[in-house]
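>>> Here is a sequence with its predicted model. Questions after.
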Amino acid sequence: MSADETPSQLVREDLDVMLEWAAVEGWNPGLIDGDAFWAADSGGFWGIKDEQGLASCISAIRYGSDYGFVGFYICRPDRRGEGLGFKTWNAALDGLDQRTLGLDGVVEHQAEYGKSGFTLCHRNIRYSGLSSVSIPHDPRLAPIGTGIYTSIRDYDRAFFPAPRESFLQQWHRPMERNRFGFCAVEDGHIRGFGTLRACREGFKIGPLFAETPEIADLLFRALAGSVRGQMVILDLPEVNADAEALVDRYELSPVFETARMYRGPAPELPLDKIYGITTFELG
């Protein structure tokens, strides 16, 4: 490694490379995740470059004034073992000590995160399988569009440790079949919402937040029914027994796991109402 290979903030085009690397690692990102991820915090992507381009990367997304989330911790295979990843890690997290930081750590790196002060909160399990459901005809269902966005933003605050309005605005921008969502409305109030997006393989549902197991089931069928016969993927907190019952009911199988870890006080979230995590990359 040459002396000038120091970590720096990345530009939007570098995020596309990071997403491709994530696909190679088997994380199966969405086809159009980039713009929403960049909207969350354009200053939160770091890396080291060499003559061949990006050599290492990480994201350390700042939400609000006291929370952050770490993801995309990847080094190009031919540069592994040289310390680039650790240098990038330190540069990205420098100055974030005042924030609680979260991450979803893959099994092989959880011990390393522990050495950096992160502690286990709960396991997340990825489930996948072919959608065999149909879209329910239920008057409580409504597509997520600009007219209901403010209510979705406000509802989301109970399920995430900090405001993430810029991300949500881009995440719920209608993108035809690449990404769309439904919410459940009762007596004029949001009772849950979920989003489905096209990925390298299949379709991921996330987030999926709901007040009751029945509402979660309704939203799952609306989303998965929209791509009936194709693979759907749901990342859920293992501690939510109702979420595990939902994936069992629709014959989805566990394929992958991460550990939700925090450095600093773990936020108090209603995990019993979180049936699908938004993304492993940004929380």
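Done, it's in.

>>> Just list the residues touching the closest residue to P7 other than its chain neighbours, thanks.
Closest residue in space to P7, ignoring its immediate chain neighbours: A91 at 3.5 Å, by CB to CB, 6 or more residues apart in numbering. C-beta: built from backbone N, CA, C; applies to glycine. Counting by CB atoms under 8 Å, 6 or more residues apart in numbering, A91 touches T6, P7, S8, W46.

>>> now S131
Counting by CB under 8 Å, 6+ apart, S131 has contacts A224, G225, V227, R228, G229, Q230, M231, V232, Y250.

>>> which parts of the worst-scoring helix or strand of the chain on mean pLDDT are buried?
Scoring the helices and strands of the chain by mean pLDDT, DSSP states H and E places helix 110-115 at the bottom, with a mean of 91. Neighbour-count burial for helix 110-115 flags Y113 (criterion: 16 or more other CB atoms under 10 Å).

>>> what's the following helix or strand after it?
Per DSSP states H and E, the first helix or strand lying C-terminal to helix 110-115 is strand 119-130.

>>> who does the next helix or strand after that following strand touch, helix- and strand-wise?
Counting by DSSP H and E, the next helix or strand C-terminal to strand 119-130 is strand 141-143. For strand 141-143, the packing partners by 3 or more CB pairs under 8 Å, 6 or more residues apart in numbering; DSSP states H and E come out as strand 179-186, helix 213-225.

>>> buried stuff in strand 141-143?
Residues of strand 141-143 classed as buried by neighbour count (16+ other CB under 10 Å): L141, A142.

>>> State the pLDDT value of the closest residue to S128 other than its chain neighbours.
Leaving aside its chain neighbours, S128 sits nearest to I233 (4.4 Å; criterion: CB to CB, 6+ apart). At I233, the pLDDT value in this model is 98.

>>> do D4 as well
68.

>>> in the protein, which ranges drop under the pLDDT threshold?
Filtered on pLDDT under 70, the chain yields the residue ranges 1-4, 176.

>>> Could you rerun that using 50?
1-3 (pLDDT under 50).

>>> And the helices in it?
Applying DSSP state H to the chain gives helices spanning 12-24, 33-40, 84-93, 110-115, 149-156, 165-171, 213-225, 241-249.

>>> follow-up on the earlier one: need the contacts of S131 in CSV (columns: distance to A210 and neighbour count).
Listed next are the contacts of S131 as CSV, based on distance: CB to CB, whole Å; neighbours: other CB atoms under 10 Å:
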residue, distance to A210, neighbour count
A224, 14, 26
G225, 16, 17
V227, 19, 18
R228, 21, 14
G229, 24, 7
Q230, 22, 13
M231, 22, 17
V232, 16, 27
Y250, 15, 18
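
>>> one step back: winner for burial among the helices of the chain?
The highest average neighbour count among those, using mean count of other CB atoms under 10 Å, belongs to helix 213-225 at a mean of 23.

>>> Please write out the alpha-carbon positions of that one in PDB.
Below are the C-alpha coordinates for helix 213-225, written out as PDB (Å, rounded to 0.1, in the frame of the first residue of the first chain):
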ATOM      1  CA  PRO A 213     -49.900  -9.800  13.900                       C
ATOM      2  CA  GLU A 214     -53.100  -9.600  11.800                       C
ATOM      3  CA  ILE A 215     -52.100  -6.300  10.300                       C
ATOM      4  CA  ALA A 216     -48.600  -7.700   9.600                       C
ATOM      5  CA  ASP A 217     -50.100 -10.700   7.800                       C
ATOM      6  CA  LEU A 218     -52.400  -8.400   5.700                       C
ATOM      7  CA  LEU A 219     -49.400  -6.200   4.600                       C
ATOM      8  CA  PHE A 220     -47.200  -9.200   3.900                       C
ATOM      9  CA  ARG A 221     -49.900 -10.700   1.600                       C
ATOM     10  CA  ALA A 222     -50.400  -7.400  -0.200                       C
ATOM     11  CA  LEU A 223     -46.700  -7.100  -0.800                       C
ATOM     12  CA  ALA A 224     -45.800 -10.700  -1.500                       C
ATOM     13  CA  GLY A 225     -49.000 -11.200  -3.500                       C
END
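
>>> In terms of secondary structure, what does that helix contact?
Against helix 213-225 (3+ CB pairs under 8 Å, 6+ apart) you get strand 141-143, strand 179-186, strand 189-198, strand 203-210, strand 231-237, helix 241-249.

>>> again, only using 10 Å
Helices and strands touching helix 213-225, by 3 or more CB pairs under 10 Å, 6 or more residues apart in numbering; DSSP states H and E, are strand 141-143, strand 179-186, strand 189-198, strand 203-210, strand 231-237, helix 241-249, strand 274-276.
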